[in-house]
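Asker: Sequence plus the predicted model coming up.
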Protein chains: 2
Amino acid sequence: MAIPRAAKTQRRTRIQEEKEEQILEAALDVFSVSGFRGSTIDQIAEVAGMSKPNLLYYFRTKEAMHRSLIDRVLFTWLEPLRAFDALGNPENEIRSYIRRKLEMARDFPRESRLFANEVLQGAPHIEDELKGPLKELVDEKAEVIRVWAKAGKIAKCDPYHLIFSIWSTTQHYADFDVQVRAVLGQGQSGEGRFEDAARFLEQLFIDGLRVRAVEPAS
Amino acid sequence: MAIPRAAKTQRRTRIQEEKEEQILEAALDVFSVSGFRGSTIDQIAEVAGMSKPNLLYYFRTKEAMHRSLIDRVLFTWLEPLRAFDALGNPENEIRSYIRRKLEMARDFPRESRLFANEVLQGAPHIEDELKGPLKELVDEKAEVIRVWAKAGKIAKCDPYHLIFSIWSTTQHYADFDVQVRAVLGQGQSGEGRFEDAARFLEQLFIDGLRVRAVEPAS
DNA sequence: TGTAATGTTTACCAGTCGGTCAAATTATCC
DNA sequence: GGATAATTTGACCGACTGGTAAACATTACA
């Protein structure tokens, strides 16, 4: 009859898969620009090309759409950090991490902005994820870096702030894209800026973390 | 009689000054958290402790309030970059710039988030400022850095991306404060993280930009 | 092919949004 | 103290908000 709201059945219809995909795609468009509060279901419906009640047939509330989107994107988003390998060569690992994060900023800017908006506005919907899975993953990788530093493979440094600085510098090119373009001017607005950024950041972090041959006596 | 909307008289009343101050203070609170679209006049009115029509007596529209806030804050915000001195010692200048930006992130996080929200959402209200005054200032300082690099005082690097990286790493501690706290955990949530960040970033940038004693032959 | 489940839409609701208006209150200045 | 200008407020407006109800259309499947 009428009542069953999408997910009541055990198996998901082809239509359900397609439409939910379509909706989340549109939701990503809208939420990533305006944040949760600033976005409206009508906007998302229009981008998705369907009526508002139809959206609400697949996701009962605006919050459910947002939640669903966050869940789906978060895992992928942490992939580069997860790939950080304790057994690899430190310089290579750091270089790879920077490159991967930068590629994600280039290829998935909406995902980056979705999180940026959320965190910027106090992370009201993802506090648990930050304090749980995210913190655990960072703790684990920070320990790896700490060991590297202790073994003299890279310079002594605070591993947490190292991770923060890689996050911020790379995501900057997605989150603050408008500003970057404005400052670089029309000429540099192709994808070349990502190449330049990669070159600069790799140099900065590799040289910045290289162990000084001779420490000045203190 | 009724009509005169605040600024019609030549001289501004004491009350006008006070109330406008009070309103902008509240507006900063609200806009910096929710962005323009996500904020409501009612919220601002409540924080400011006055009625909505009273707010609209001083600022005709929500947009006018936002505009006014941006204008007032932008100048201050660029102060550290403006202080960047072409005649100073490169290492000292960079170190000072990092420290000043970090202090601003610590002392004026709302201002940082106000801009972050705005830029993140496509900078619909400050596009002109970005392409005009901001770009000009950055161009000027980038030239300074370029000359330093050419003279061998710091490593060869793209000055624009250097500036971007200093912006992003420092402002990260204001804009993504919730995330930083979540990852560092309760223990590190005092102001100590700014000290640690300063130490790390100064090391990273100074060592990362120091001219290599011997360049490997290429 | 029939029919039950699934999918879609129109019309609508109560609450909120930005903003106006006129009346009431307060400050200012002679 | 009174006239005049400045300030403040409650009541209100039309547009928009998230969300619902029920009728209608389509699909899957026996």
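Answerer: Looks like it came in fine.
Asker: alpha carbons only for contacts and neighbour counts from here, please
Answerer: Will do.
Asker: Could you list the low-pLDDT ranges of chain A?
Answerer: Filtered on pLDDT under 70, chain A yields the residue ranges A:1-13, A:188-189, A:213-218.
Asker: longest helix of it?
Answerer: Longest helix in chain A, counting residues (DSSP state H): helix A:14-38.
Asker: So which elements touch that helix?
Answerer: In terms of contacts (3 or more CA pairs under 8 Å, 6 or more residues apart in numbering or on different chains; DSSP states H and E), helix A:14-38 is packed against helix A:41-48, helix A:52-58, helix A:62-77, helix A:109-120, helix B:14-38.
Asker: got the buried residues for that helix?
Answerer: For helix A:14-38, the neighbour count (16 or more other CA atoms under 10 Å in any protein chain shown) marks A:19-20, A:22-24, A:26-38 as buried.
Asker: what's the answer for stretch A:169-186, then?
Answerer: By neighbour count on 16+ other CA under 10 Å, the buried set for stretch A:169-186 is A:169-184.
Asker: okay, now the domains of chain A?
Answerer: A:14-69, A:78-209 (automatic domain parsing).
Asker: Of all the ones you listed, which one comes closest to B:Tyr57?
Answerer: Within those, the stretch nearest B:Tyr57 is domain A:14-69; the backing value is 25.0 Å (CA to CA).
Asker: Just checking that closest one against DNA strand D, any contact.
Answerer: Yes. Judged by CA under 7 Å from any atom of the strand, domain A:14-69 and DNA strand D are in contact via A:14, A:37, A:39-42, A:52-53, A:56, A:60-63.
Asker: how far is that domain from where the chain is centred?
Answerer: Here the centre of domain A:14-69 is set off from its chain's centre by 20 Å, with CA atoms, centre = their mean, to the nearest Å.
Asker: end-to-end on it?
Answerer: 19 Å (CA to CA, to the nearest Å).
Asker: That one near DNA strand C anywhere?
Answerer: Yes. Applying CA under 7 Å from any atom of the strand, one finds domain A:14-69 touching DNA strand C at A:14-16, A:19, A:50-54, A:57.
Asker: Farthest-apart pair in those residues, please.
Answerer: Spatial extent of these (CA to CA) is set by the pair A:Arg14 and A:Lys52 at 20.4 Å.
Asker: what does chain A put close to DNA strand D?
Answerer: Going by CA under 7 Å from any atom of the strand, the residues of chain A near DNA strand D are A:2, A:14, A:37, A:39-42, A:52-53, A:56, A:60-63.
Asker: what comes up buried for stretch A:85-96?
Answerer: Neighbour-count burial for stretch A:85-96 flags A:90-91, A:93-96 (criterion: 16+ other CA under 10 Å).
Asker: now do stretch A:70-84
Answerer: Result for stretch A:70-84 [16+ other CA under 10 Å]: buried residues A:70, A:74, A:77, A:81, A:84.
Asker: Could you dump those into a markdown table with distance to A:Ala142 added?
Answerer: Below are the buried residues of stretch A:70-84 laid out as a markdown table (distance: CA to CA, whole Å):
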| residue | distance to A:Ala142 |
| --- | --- |
| A:Ile70 | 24 |
| A:Leu74 | 20 |
| A:Trp77 | 18 |
| A:Leu81 | 11 |
| A:Phe84 | 10 |
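Asker: Out of these, give me the two with the largest separation.
Answerer: So, the buried residues of stretch A:70-84 by CA to CA: farthest apart are A:Ile70 and A:Phe84, at 22.5 Å.
Asker: residues near the residue nearest to A:Glu25 when sequence neighbours are not counted, how many?
Answerer: Using CA to CA, 6 or more residues apart in numbering or on different chains and skipping the chain neighbours, the partner closest in space to A:Glu25 is A:Ala48 (7.6 Å). When neighbours are counted by other CA atoms under 10 Å in any protein chain shown, A:Ala48 registers 21.
Asker: so how far is A:Asp42 from A:Ala48?
Answerer: 10 Å.
Asker: Could you do A:Ala105 as well?
Answerer: 28 Å.
Asker: Give me the more crowded residue out of these two.
Answerer: Looking at A:Ala105 and A:Asp42 with other CA under 10 Å, you find the greater number of neighbours at A:Ala105, namely 22 against 14.
Asker: give me the element whichever residue of chain A sits closest to chain B is part of.
Answerer: Going by CA to the nearest CA, chain B is nearest to A:Gly208 of chain A, at 3.6 Å. Per DSSP states H and E: A:Gly208 is located in helix A:192-209.
Asker: and the angle from that helix to helix B:192-209?
Answerer: Taking axes from the mean of the first three to the mean of the last three CA atoms, to 10 degrees, one finds helix A:192-209 and helix B:192-209 inclined to each other by 100 degrees.
Asker: and stretch A:65-79, does that touch chain B?
Answerer: No. Stretch A:65-79 lies out of reach of chain B by CA under 8 Å from any CA of the partner chain, never closer than 13.8 Å.
Asker: who touches that stretch?
Answerer: Stretch A:65-79 is contacted by residues A:24, A:27-28, A:31, A:36, A:59, A:111, A:115, A:125 when judged by CA atoms under 8 Å, 6 or more residues apart in numbering or on different chains.
Asker: got it, and stretch A:90-97?
Answerer: Contacts of stretch A:90-97 (CA under 8 Å, 6+ apart): A:80-81, A:84-85, A:148, A:153-154, A:202, A:205-206.
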